[in-house]
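Asks: what follows is a protein structure lacking sequence information:
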């Protein structure tokens, strides 16, 4: 093995996991973790990436504004529909009330007509108290 590693010094030996360690303990040594930290560098964004970020941000703003407008329109539609249904209920209630009044008047007319037809009409005289 030494012969292989002497020819390629950048190759590290395979990593063996020790299953006897507790799960909370780190599997890597401190030397190995510090060597990987330096390899990740933040790169500057290109003009295309900046443009795409700007477009995405603008798209999100427009989308949120559209959603807000849609919610407002839906709320107004809901309120109009509620008012419409309440008005329909009021009109139907008034129609039923008028129908009941009409039926009562018909019943009174029928009762009044029966009362006169079964009994002969009686002449009623009014006396003048001043005479």
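Replies: In hand now; what should we look at? Treat the numbers as computed from the prediction; the structure is a model and nothing was measured.
Asks: now do stretch 87-105, average pLDDT.
Replies: When pLDDT is averaged over stretch 87-105, the result is 97.
Asks: in the chain, what helix or strand scores lowest on average pLDDT?
Replies: When the helices and strands of the chain are compared on mean pLDDT, DSSP states H and E, helix 30-37 comes out lowest with a mean of 51.
Asks: next structured bit after that one?
Replies: Proceeding N to C from helix 30-37, the next assigned helix or strand is helix 47-118, under DSSP states H and E.
Asks: does anything pack onto that following helix? Which helices or strands?
Replies: Under the contact definition 3 or more CB pairs under 8 Å, 6 or more residues apart in numbering; DSSP states H and E, helix 47-118 sits against no other helix or strand. In short, each C-beta sits where N, CA and C put it, glycine included.
Asks: what does stretch 65-80 contact?
Replies: Outside stretch 65-80, no residue is within contact range by CB atoms under 8 Å, 6 or more residues apart in numbering.
Asks: now do the buried residues in that stretch.
Replies: Judged by neighbour count using 16 or more other CB atoms under 10 Å, stretch 65-80 contains no buried positions.
Asks: please renumber the chain so that the first residue is 15 from this point on.
Replies: In the new count, where the first residue is 15, that last one comes out as stretch 79-94.
Asks: check residue 58 and give its pLDDT.
Replies: 86.
Asks: and the gap between it and residue 64?
Replies: 10 Å (CB to CB, to the nearest Å).
Asks: quick one, which of the two is more surrounded?
Replies: residue 64 (11 against 6; other CB atoms under 10 Å).
Asks: if anything else comes up later, I'll come back, but that's it for now.
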